[in-house]
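S.K.: Quick check, what structure comes out for this input:
(2 chains)
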Amino acid sequence: MISMVLLGVMSLIGLALLLNLWALLRGPSLPDRLLALDTMYINSIALLLTYGMYTVSQLYFETALLIAMLGFVSTVAVCKFLLRGDIIE
Amino acid sequence: MLELVVCSLLIIGALFVLLGSFALLKLPDFYTRLHGPTKATTLGLGGLVLASVLFFSFGQDMVNVQPLLIAIFLFISAPITAHMLIKVALHQKLPMIDKTSNKNWQQQLVKGNEQEKG
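M.R.: Here you go, the predicted model:
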């Protein structure tokens, strides 16, 4: 039962990623696109977690943590650049 | 029994993640659009992480808390990201919808400061 549920959950998260891609391509302004990209990071973490449960392996947690940290740092860096025109002052 | 709990947590989490992404498309302006990913998606990921903790500590002596690290990091970093994004949006003066209440808060703030001084 749980593998069927995991397949369904993975397809739902894939649909969410497609909606994010649409928002990323459509977004009228730059912060909109940045928000869509940040949401794509979080959704890919969710997809990695469910895939790790599907192939009963704990290898994917480190990858998910790495993606979380890189996504946070890159979003904050682009925000600083848009605010100040410079990342490290 | 545990399987049922894990399955329901997974489904609730996935539905919240999908809801957050749908809100990103549906809502009218940037300030409302920011609500979806920062609240619904983070909550959905919390549900998925809880399901993962239960799943990997099943049949073992101790609780596997490694996925909780991801959830804690995201729960700390999501409000900071939202704060930075809203600062960028106010800096670039993005358009608001007409129903926005307290729209000219910056002018009110300046006026209040002047009254305090004078």
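S.K.: any weak-confidence spans in chain B?
M.R.: B:105-107, B:109-110, B:113, B:117-118 (pLDDT under 70).
S.K.: Then chain A?
M.R.: In chain A, residues with pLDDT under 70: A:89.
S.K.: who's in contact with the nearest residue to residue B:45 once chain neighbours are set aside?
M.R.: Leaving aside its chain neighbours, residue B:45 sits nearest to residue A:46 (5.3 Å; criterion: Cβ to Cβ, 6 or more residues apart in numbering or on different chains). Where C-beta positions appear, they are placed from N, C-alpha and C, glycine not excepted. Contacts for residue A:46 were tallied using Cβ atoms under 8 Å, 6 or more residues apart in numbering or on different chains; they are A:13, B:13-14, B:17, B:44-45, B:48.
S.K.: now the helices for chain B?
M.R.: Using DSSP state H, the helices of chain B run over B:2-26, B:30-33, B:35, B:42-56, B:66-91, B:105-117.
S.K.: Put together a markdown table for those, with mean neighbour count on each row.
M.R.: Output for the helices of chain B, formatted as a markdown table (neighbours: other Cβ atoms under 10 Å in any protein chain shown):
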| stretch | mean neighbour count |
| --- | --- |
| helix B:2-26 | 20 |
| helix B:30-33 | 19 |
| helix B:35 | 14 |
| helix B:42-56 | 22 |
| helix B:66-91 | 18 |
| helix B:105-117 | 9 |
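S.K.: Compare those and give me the one nearest residue A:41.
M.R.: Smallest distance to residue A:41 across the helices of chain B (Cβ to Cβ): 9.6 Å, for helix B:66-91.
S.K.: Also compute the angle for that closest one relative to helix B:42-56, please.
M.R.: Counting by axes from the mean of the first three to the mean of the last three Cα atoms, to 10 degrees, helix B:66-91 lies at 170 degrees to helix B:42-56.
S.K.: Check which helices and strands helix B:66-91 sits against.
M.R.: If you count contacts as 3 or more Cβ pairs under 8 Å, 6 or more residues apart in numbering or on different chains; DSSP states H and E, helix B:66-91 packs onto helix A:30-54, helix A:60-84, helix B:30-33, helix B:42-56.
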